[in-house]
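Chemist: Have a look; sequence and predicted model below, questions after that.
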Amino acid sequence: MEERRVAIVSDQLLTRAGLASLLRPFCRLVGQTSYGSEVLHDLEVYRPDVILAHLDWPLDRRTPILTSMATLGLPLVGLLESDEDVGAALGILSEFPVYGLVPRETPPERLAGALETVYSGFLLLDPIYRAALGIARAVTTPPPTDPLTPREQDVLRLLATGETNKAIARRLGITDHTVKFHLNAIMTKLGAQSRTDAVARAVRAGVLTL
């Protein structure tokens, strides 16, 4: 599967650098920018498939720029700094054609899955925010016709946290070869083309929650 072109938006240089380092194994990072007046120009130059925006506090100072970013018609995943801002964040992100909202501490593999999910045209709201807002979990695609086995579900959950094959094998007390066997089975059942795609499809099918 083609790597998605991702642009990172944050006023914090260290945050941009940290996110870029974490996501580089999973995505194609095409640029980084701040919430300054140049953000629209930068995004037009970078031509990302999806935007990753750090929604730091206080969120209201980002509203005008985020609203203008929405006019570009690009999907966006917001990294929320404070749970108290979830209502305000959803109000802003609703301007975007497709969006996701996840906590800042989301592991990189799961964050890559969120980026893939919104790129594919699905809204994504982290379970912690759904619970806070009283929103029931919505399944956007039917589950696989051949259900994942309990062991495959274990492997998938560890895969979503960014664990390597060797780390998964150690955690589950199985061999690397067995992990590869389960991964192949997971991707076949989900119709996925890569590890990241498998996580994204599992999220959309309700098999996995981010």
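Modeler: Noted; the coordinates are in hand. Numbering: from 1, shown residues only.

Chemist: burial of the closest residue to Val98 other than its chain neighbours, as a residue count?
Modeler: With C-beta to C-beta, 6 or more residues apart in numbering as the measure, Pro75 is the residue that lies nearest to Val98, at 4.1 Å, once sequence neighbours are left out. C-beta here means a position set from N, CA and C on the backbone, and glycine is covered the same way. By the measure other C-beta atoms under 10 Å, the count of residues near Pro75 is 23.

Chemist: What of the one 3 residues further on?
Modeler: For Gly78, the number of neighbouring residues by other C-beta under 10 Å comes to 28.

Chemist: Okay, and the beta partners of it?
Modeler: Under DSSP bridges, the beta-bridge partners of Gly78 are Ala53, Leu101.

Chemist: where's it relative to Leu183, distance?
Modeler: With distances defined as C-beta to C-beta, to the nearest Å, the gap from Gly78 to Leu183 amounts to 30 Å.

Chemist: what's near enough to touch the residue nearest to Val98?
Modeler: 49-51, 96-100, 118-119, 121 (C-beta atoms under 8 Å, 6 or more residues apart in numbering).

Chemist: mind redoing it with 7 Å?
Modeler: 50, 96-99, 118-119 (C-beta atoms under 7 Å, 6 or more residues apart in numbering).

Chemist: Also Thr67?
Modeler: 92, 95.

Chemist: Numbering from 667 from now on, please.
Modeler: All set: I'll call the first residue 667, so the last point we hit is now Thr733.

Chemist: Check which helix or strand it maps to.
Modeler: Taking DSSP states H and E as the definition, Thr733 sits inside helix 729-736.

Chemist: And the closest residue to Ala851 other than its chain neighbours, how far from Leu709?
Modeler: The shortest distance from Ala851 to any residue other than its chain neighbours is 5.9 Å, reached at Glu818 (C-beta to C-beta, 6+ apart). Glu818 sits at a distance of 38 Å from Leu709 (criterion: C-beta to C-beta).
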